[in-house]
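Asks: Starting from these lines, generate the structure:
(chains A and B)
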Amino acid sequence: MLFPDIDKTPEQYELLYPKRQLPEGAKVTRFAPSPTGYVHMGSLYASLVSERLAHQSNGVIFLRVEDTDKKREVEGGVSNIVRALSRFGINFDEGVTDIDDEKGSYGPYKQSERMDIYKSFAKRMVEKGFAYPCFCSEEDLDKIRSRQEEKKITPGYYGEYAVHRNSTLEQVKEELSLGKSFVLRVKAPNNPDSRFILNDLIKGDVEMPENFQDMVLLKSDGLPTYHFAHVVDDHLMRTTHVTSGDEWLSSAPLHIQLFEMLELEKPYFAHISPIMKIEGSSKRKLSKRKDPEADVSFYHEQGFPSISVIEYLVNLTNSNFEDWRRENPKSPNTDFEIELERMSVSGAMFDLIKLTDMSKDIVAGMTAEEVYDMSLKWASEYDSELWTLLSADEKYAKSIFNIDRGGEKPRKDIAKWTDVKPNIFYFFDDLFDLDVAAGRNFPEAITSDEVSRLIREYSKVYNHKDNKDMWFDRVKEFCEEMGYSKDVKTFKKNPGVYKGHVGDVTGVIRVAVTNRRNTPDLYEIMQVMGEKKVMERFDETWGRFSCP
RNA sequence: GGCCCAUUGGUCAAGUGGUCAAGACAUCGCCCUCUCACGGCGGUAACAGGGGUUCGAAUCCCCUAUGGGUCACCA
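Replies: Modelled structure (predicted):
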């Protein structure tokens, strides 16, 4: 009567979606976003855990789109999500792959296309006496609620307040004949004192009250609520491990109840703690509205390598990751096995500084080639000026990235691609000139005349063909000629005898060449720039400072 | 408010009845050094509070406080 068009039974669906043939211990997990297009850091975190769980056990992870709320749907949302996740290396074995595309044999993977399946199971619920139609309007429900609030009892649709709970067949027929729309509600047992223990893989044993609210299973538009869809889908898709944010913990009693009513095998549950943000002295969940860093595209825009974000998140799941990383500096992070039992039960603070630090380590371990490719790719999307510079002379750019790289103690000055330009600008005349126009950065303690004298004289003795030792020897020699000590210690012993020490002289040279007081190895920089550019900068320096 | 969960240095955290309570990031100092980094060495710094149980409690129990989650025809 309620579902006249439904001809398939749950048993038929059982046959259609048989148990998966997987090796012993293989886990089947899923990521189930609603298609808003926005991927929250917490979602990435949860999907990462699910993906690793599946793939570390030779299992399967699929992407299911929960599009049962048409009001919230955003155009292009699905492809956005798929793209965002794949950028972070999260790939699915089955499920939705794009707006109208999917793979795998347990589909459809879009809930909006599974209506008949839900109705078949809903019909079964009604047949078993575990569900009933409810014809209450919004106003009716409001009335019930305000009555309950007056009496200070738990609000909701249950027990004696569930007016349609015990309607007779005739009453239902009558309502239907009036053309009224209805929702389908679960007929929950009404014994509020009954409790059960949920064995959560992360939280451990949690004692909870049994669900006694007659929650909605099918909405008046016929679409299922999340709760009902989850139970049906995760059963038919043969999910073994349901990972979800811990905001779902409190609806677990309902889900378990539904599994039991339908006599379906229950999956394991793992509720993941949310990622928090500190604000002032209080913690709160990372918020989509308030925190730009809640959106994963933030990291992409900032140019954090995806792998850095992933390693940071892995570290957040299992803090022994850091030890593992120290012992396996070169292994891909996918080799690290995530254990649910080791996951924190309380929310972790998202620490951008630590992410940055980890990212520096990761970038420092890359080859110049990799840094070049990745920063170029980033620049092509977000910084056309940088892109032009990098692509104009690939060899030059790579030799820049190669400075102080690859050795025992690589530099760690790049955490994200937005750090690149400020670190290398002086290798490019246009940017260098622009920077110089804004002011020279010679130390205040040294006069313009002295700067000019030093550079003029130094440009005479500078030999581009020197190797590093020869270069530095020559610098020391030059220092003594100019009245500076050849090392810092000598200067400190007899400060009165010298104008300064070698550090002061190289400091001046450094600013002349780069307009920065702090740079990587000066010799390397000059070698990469080439003799012509170095000499130009020397000339420009003493030319400018000698004739005001 | 009801129901759940949590609380170890500034942050992430080891820890499951006996530890001088790990480690990492941050911070501070020293060393290395042509600058800045890197690196090395070292320092400051924690079991939310109160009761029990026990020879012994960060660890088990109770209370309090604080924080978080959730209470929809949203997921």
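Asks: Quick one: neighbours of the residue lying closest to residue A:273 once chain neighbours are set aside, just the number.
Replies: Sequence neighbours aside, residue A:347 is the residue nearest to residue A:273 in space, at 4.6 Å (criterion: C-beta to C-beta, 6 or more residues apart in numbering). C-beta coordinates here come from the backbone N, C-alpha and C atoms, glycine included. The number of residues packed near residue A:347 is 18, by other C-beta atoms under 10 Å.
Asks: which residues pair with residue A:29 across the strands?
Replies: For residue A:29, the beta-bridge partners under DSSP bridges are residue A:61.
Asks: In contact with it, which residues?
Replies: With contact set as C-beta atoms under 8 Å, 6 or more residues apart in numbering, residue A:29 has these partners: A:50-51, A:53-54, A:59-61, A:239-243.
Asks: Give me the neighbour count for residue A:155.
Replies: Residues contacting residue A:155 under the criterion other C-beta under 10 Å number 16.
Asks: doesn't residue A:147 make contact with it?
Replies: No - using C-beta atoms under 8 Å, residue A:155 makes no contact with residue A:147, being 9.1 Å away.
Asks: Over stretch A:339-355, what's the mean pLDDT, rounded is fine.
Replies: When pLDDT is averaged over stretch A:339-355, the result is 80.
Asks: Which ones among the contacts of residue A:29 map onto helices?
Replies: In helices, judged by DSSP state H, the following of these are found: A:50-51, A:53-54.
Asks: For those, pick the one with the most neighbours.
Replies: residue A:50 (29 neighbours).
Asks: residues touching it, list them.
Replies: Contacts of residue A:50 by C-beta under 8 Å, 6+ apart are A:29-31, A:61, A:241, A:243.
Asks: at 10 Å instead, please
Replies: When contacts are counted by C-beta atoms under 10 Å, 6 or more residues apart in numbering, residue A:50 touches A:27-32, A:59, A:61-63, A:90, A:92, A:239, A:241-244, A:270, A:272.
Asks: that older thread, got any residues that touch both of residue A:155 and residue A:147?
Replies: Going by C-beta under 10 Å, 6+ apart, residues that sit against residue A:155 and also against residue A:147 are residue A:161.
Asks: pretty sure the residue nearest to residue A:273 is touching residue A:285, no?
Replies: Yes - assessed by C-beta atoms under 10 Å, residue A:347 is found in contact with residue A:285 at 7.2 Å.
Asks: Look at residue A:205 and tell me its secondary structure.
Replies: At residue A:205 the chain is in strand, as set by DSSP: H, G, I helix; E, B strand; the rest coil.
Asks: Got phi/psi on the residue nearest to it when sequence neighbours are not counted?
Replies: The shortest distance from residue A:205 to any non-neighbouring residue, by C-beta to C-beta, 6+ apart, is to residue A:197 (5.2 Å). Here is the backbone geometry of residue A:197 (degrees, to the nearest 10): phi -110, psi 130.
Asks: per-residue confidence for residue A:197?
Replies: 86.
Asks: Please, where are all the helices along the stretch 151-300 of chain A?
Replies: Using DSSP state H, counting those that start in this stretch, the helices of the stretch 151-300 of chain A run over residues A:169-177, A:226-236, A:252-261, A:297-302.
Asks: ok and the second one relative to helix A:252-261, angle-wise?
Replies: Spelled out, it's helix A:226-236. Relative orientation of helix A:226-236 versus helix A:252-261 (axes from the mean of the first three to the mean of the last three C-alpha atoms, to 10 degrees): 50 degrees.
Asks: Kindly report the residues of the stretch 1-150 of chain A close to RNA strand B.
Replies: Proximity of the stretch 1-150 of chain A to RNA strand B (C-beta under 7 Å from any atom of the strand) is limited to residues A:32-34, A:66, A:68-69, A:72, A:136-138, A:141.
Asks: residues touching the closest residue to residue A:98 other than its chain neighbours, list them.
Replies: Excluding the flanking residues, the one nearest residue A:98 by C-beta to C-beta, 6+ apart is residue A:79, at 5.2 Å. Residue A:79 makes contact with A:35, A:37, A:96-101, according to C-beta under 10 Å, 6+ apart.
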